[in-house]
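# Have a look; sequence and predicted model below, questions after that.
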Amino acid sequence: MAASTAQPQLLVQYLVLRKDLSQAPFSWPVGALVAQACHAATAALHVHRDHPHTAVFLQNLGRMHKVVLEAPDENTLKDLAETLQQKSIDHTLWLEQPENIATCIALRPYPKEEVSQYLKKFRLFK
């Protein structure tokens, strides 16, 4: 019997972070933006901790794949959240408190091909 040479499915956690928060009039420091992405990623992993993809993703911490994309503004981020909700794509929309500002969306880990169609208009965060 031949051994299987199939590679395990690559899982990616996508984050979409608001770019306008780094610019005037907001001018948030880089650390604050990184914290928003971290909050969203952690929340999505926690909320979806029982999903098999999340379990596999967390089994090999040194090989996690995350992609951080940028949304130009809050409306675009909220529109994406609505689309993901309608398409039953598991995600977390992080709201910074106490201001209740939508800052970042994190999807639970997914195979890239399952969610890339919803994210193709977003470029890598710079």
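That came in fine, so what should we check first? Numbers count the residues shown, from 1 in each chain.
# Gln23: neighbour count?
When neighbours are defined as other C-beta atoms under 10 Å, Gln23 has 12 of them. Every C-beta, even on glycine, is put in place using the N, C-alpha and C of the backbone.
# same deal with Asp90?
18.
# That one is in contact with Arg49, isn't it?
No. Applying C-beta atoms under 8 Å, one finds Asp90 not in contact with Arg49, separated by 11.3 Å.
# show me where this structure has strands.
In the chain, the segments counted as strands under DSSP state E are 11-18, 66-71, 91-96, 101-107, 110-111, 123-124.
# what sits against Ala40?
Neighbour list for Ala40: 15, 17, 92-94, 103-106 [criterion: C-beta atoms under 8 Å, 6 or more residues apart in numbering].
# Of all the strands of the chain, which one is nearest Leu77?
For the strands of the chain, proximity to Leu77 was assessed by C-beta to C-beta; strand 66-71 is nearest, at 4.4 Å.
# for the closest one, which positions count as buried?
Of the residues in strand 66-71, 67-71 count as buried by neighbour count, 16 or more other C-beta atoms under 10 Å.
# From those, pick the one nearest Leu119.
Of all those, Leu69 has the smallest distance to Leu119: 6.2 Å, by C-beta to C-beta.
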